[in-house]
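>>> fold the stuff below for me.
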Amino acid sequence: MPKVTEEHRLARRAQIVAAARTCVIEDGFHKTTMADVIRVSGLSAGAVYGYFKSKEEIVSAIAEEALSAVDEMFDHLLGSAAPLTPLAAMEAAIEHVVTIAEAPGGDVTRVGIQAWSESLRNEAIRAVAKGKYVRLRGHFLEIARRAQADGTLDPDVDPECVAQVMFGMIPGFILQRLIIGDVTPASYQAGLRALLRS
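Here you go, the predicted structure:
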């Protein structure tokens, strides 16, 4: 039998994740089944289960895919030699959320909202969500510490507290953007600038 290449394996895995993302966006997390993911992926049940044993594992893969792009954005911010302010970091994060949301393959922020809801009733999803959100909040902690070192944030403030607040602004933006519909990066950033400079 011919050996399956790593490229082939990665392509199949991405195909399954994309199918799951489509299902969750269209039908919601709770209604989406592994059978739905198998059908939309166009692969056999054996092929899908060879990569993912459960819906929770696929949701984790969707989240990891989105967070990898976020990791790159934070690496870029922290890699700059220029002084870094919490405001600049928040503006970049908001822009990045929209970039991810508008990427081909469906708005992953819709999956995020559904995962938040599901995590209140499903311990496996809660564990996945918690791990991902702790990681994301850790990026904001790095930003706060860097801002203190750069002199753009009060050195006496607990950076953990700053990270909690900065992280909390992201779900607020996502929820308003998807549910109310009148929030844009420009409007949110204008509000942030007013608050953080007052």
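
>>> may I see the buried residues of the helix or strand containing Val165?
Assigned by DSSP states H and E, Val165 belongs to helix 159-175. For helix 159-175, the neighbour count (16 or more other C-beta atoms under 10 Å) marks Pro159, Val162, Ala163, Met166, Phe167, Met169, Ile170, Phe173, Ile174 as buried. Bear in mind the C-beta positions are built from the backbone N, C-alpha and C, glycine included.

>>> stretch 180-196 now?
Buried residues in stretch 180-196 (16+ other C-beta under 10 Å): Val183, Pro185, Tyr188, Gln189, Leu192.

>>> go on, stretch 117-131?
Quick answer for stretch 117-131 (16+ other C-beta under 10 Å): Glu118, Ser119, Asn122, Ile125, Arg126, Val128, Ala129.

>>> give me phi/psi at the third one?
Pointing back at Asn122 there. Reported as degrees, to the nearest 10, the phi and psi values for Asn122 are phi -130, psi 110.

>>> wait, it touches Glu56, no?
Yes. Contact criterion C-beta atoms under 8 Å: Asn122 and Glu56 qualify, at 7.4 Å.

>>> which helix in this structure runs the most residues?
The longest helix of the chain (DSSP state H) is helix 123-150.

>>> report the angle between the axes of it and helix 159-175?
120 degrees (axes from the mean of the first three to the mean of the last three C-alpha atoms, to 10 degrees).

>>> what mean pLDDT does helix 123-150 have?
Taken as a whole, helix 123-150 carries a mean pLDDT of 90.

>>> could you do stretch 59-78 as well?
For stretch 59-78, the per-residue pLDDT averages 80.

>>> which parts of it are buried?
Quick answer for stretch 59-78 (16+ other C-beta under 10 Å): Val59, Ser60, Ala61, Ile62, Ala63, Glu65, Ala66, Leu67, Val70, Met73, Phe74, Leu77.

>>> farthest-separated two in those residues?
Val59 and Leu77 (27.0 Å; C-beta to C-beta).

>>> show me what the lowest-mean-pLDDT helix or strand in the chain is packed up against.
Every helix and strand of the chain was ranked by mean pLDDT, DSSP states H and E. The lowest is helix 55-79, at a mean of 81. For helix 55-79, the packing partners by 3 or more C-beta pairs under 8 Å, 6 or more residues apart in numbering; DSSP states H and E come out as helix 6-27, helix 34-41, helix 86-101, helix 108-119, helix 123-150.

>>> just want the angle from it to helix 159-175.
Put simply, helix 55-79 runs at 120 degrees to helix 159-175, going by the same axes, to 10 degrees.

>>> off-centre distance for helix 55-79?
Mean C-alpha position of helix 55-79 versus that of the full chain (C-alpha atoms, centre = their mean, to the nearest Å) differs by 6 Å.
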